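Engineer: Need a 3D model of the sequence below.
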Amino acid sequence: MKIILLGYGRMGRDVEQAALERGHTIVARYDINAPLPAISSLPPALQGAECAIDFSAPDATEHHIRSLGPLHIPLVVGTTGWNNKLPALLEFMRQCKGTILYASNFSVGANIFFHAAAETAKLINRFADYDIAVHETHHKMKKDAPSGTALTLAETILHHVERKTEIVTALNNRAIQPKELLVSSSRIGDVAGTHTVTFESPADAIQLTHTAHNRRGFALGAVWAGEWLQGRTGIFTMKDFLFTT
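Structural biologist: Model (predicted):
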């Protein structure tokens, strides 16, 4: 594939390495210092681009989607923090018949973890003795908290556990309410990412944990997603990638 990199920080560089190892070509790199210009048609440098992989910033991601979507370059978006804009931007992609696969986490292992957490939550829904909490730990340079992955995990739990209806990320010196699901965060060192969901009852506890040893799994998953998008049109998530052959 000929790939456009949108965002060239730590994740962008990891994506580049994973793409090159798989025989792909990087045709352009854009970041905060050299942003994607406003375009209505493909400039010569981007002719033949087959995928754009975005690990940038929320405001930049909106610009990338609105610029490249109508030009029918498939977008793989791993940027987090733009959920408030998601419905409008997905509708925009539908209108322009664009192609996008978006996820808060591109690690295949993490997405299998999501599936395991969802299936456990379905069973726990029957047993009111079990309370639930989510905790995530990331490196000290990460700007958003909780992580997009933790919020995706929490939303999955709310979808399957009827007694949990609200996500809270801080208690502000008060007791948690039964309907609330606490999502807490730690920032320390160079931790690539650890997410744990705990199901706790007076009798026992179940803990599901995914630990990323480095960022390679996220980068490789994004490249695999770009490969999977070839020949497809529409709006996709990692569930589609994992469960559609």
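Engineer: Run through the residues that contact the residue of the chain positioned farthest from its centre.
Structural biologist: Distance from the C-alpha centroid of the chain, by C-alpha atoms, centre = their mean, peaks at residue 203 (34.3 Å). For residue 203, the contact set (C-beta atoms under 8 Å, 6 or more residues apart in numbering) comprises residue 129. The way it works is simple: take the backbone N, C-alpha and C, and place the C-beta from them, glycine included.
Engineer: Helix, strand, or coil at it?
Structural biologist: Look at residue 203: counting by DSSP: H, G, I helix; E, B strand; the rest coil, its state is coil.
Engineer: helix/strand/coil for the most centrally placed residue in the chain?
Structural biologist: For the chain, the residue nearest the mean C-alpha position is residue 104 (1.1 Å; C-alpha atoms, centre = their mean). Using three-state DSSP, the structure places residue 104 in coil.
Engineer: which is the next helix or strand following the biggest helix by length in the chain?
Structural biologist: Ranked by number of residues, the top helix in the chain under DSSP state H is helix 108-124. Using DSSP states H and E, the helix or strand that directly follows helix 108-124 along the chain is strand 131-138.
Engineer: Name the strands paired with that next one and say parallel or antiparallel.
Structural biologist: Applying DSSP bridges, strand 131-138 is found paired with strand 180-187 (parallel), strand 194-200 (antiparallel).
Engineer: pLDDT averaged over the longest helix of the chain, what's the number?
Structural biologist: In this model, helix 108-124 has an average pLDDT of 95.
Engineer: And it, what's buried?
Structural biologist: For helix 108-124, the buried set under the neighbour-count rule, 16 or more other C-beta atoms under 10 Å, comprises 108, 110, 111, 113, 114, 117, 120, 121, 124.
Engineer: As JSON lines, these with distance to residue 46 would be great.
Structural biologist: Converted to JSON lines, the buried residues of helix 108-124 look like this (distance: C-beta to C-beta, whole Å):
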{"residue": "108", "distance to residue 46": "29"}
{"residue": "110", "distance to residue 46": "31"}
{"residue": "111", "distance to residue 46": "30"}
{"residue": "113", "distance to residue 46": "35"}
{"residue": "114", "distance to residue 46": "33"}
{"residue": "117", "distance to residue 46": "39"}
{"residue": "120", "distance to residue 46": "44"}
{"residue": "121", "distance to residue 46": "43"}
{"residue": "124", "distance to residue 46": "48"}
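Engineer: show me where the chain has strands.
Structural biologist: Along the chain, counting by DSSP state E, strands occupy 2-6, 25-30, 51-54, 75-77, 99-102, 131-138, 166-168, 180-187, 194-200, 205-211, 234-236.
Engineer: Which one of those strands lies nearest to residue 147?
Structural biologist: Closest to residue 147 of those is strand 131-138 (C-beta to C-beta; 5.0 Å).
Engineer: now the longest helix of the chain, how far from the chain's geometric center?
Structural biologist: Centroid separation for helix 108-124 versus its chain: 15 Å, with C-alpha atoms, centre = their mean, to the nearest Å.
Engineer: Same question for stretch 207-217.
Structural biologist: The answer for stretch 207-217 is 14 Å, by C-alpha atoms, centre = their mean.
Engineer: cool, stretch 4-17 as well?
Structural biologist: 15 Å.
Engineer: count of neighbours near residue 22?
Structural biologist: 13 (other C-beta atoms under 10 Å).
Engineer: can you check the one 10 residues further on too?
Structural biologist: By other C-beta under 10 Å, 11 other residues sit near residue 32.
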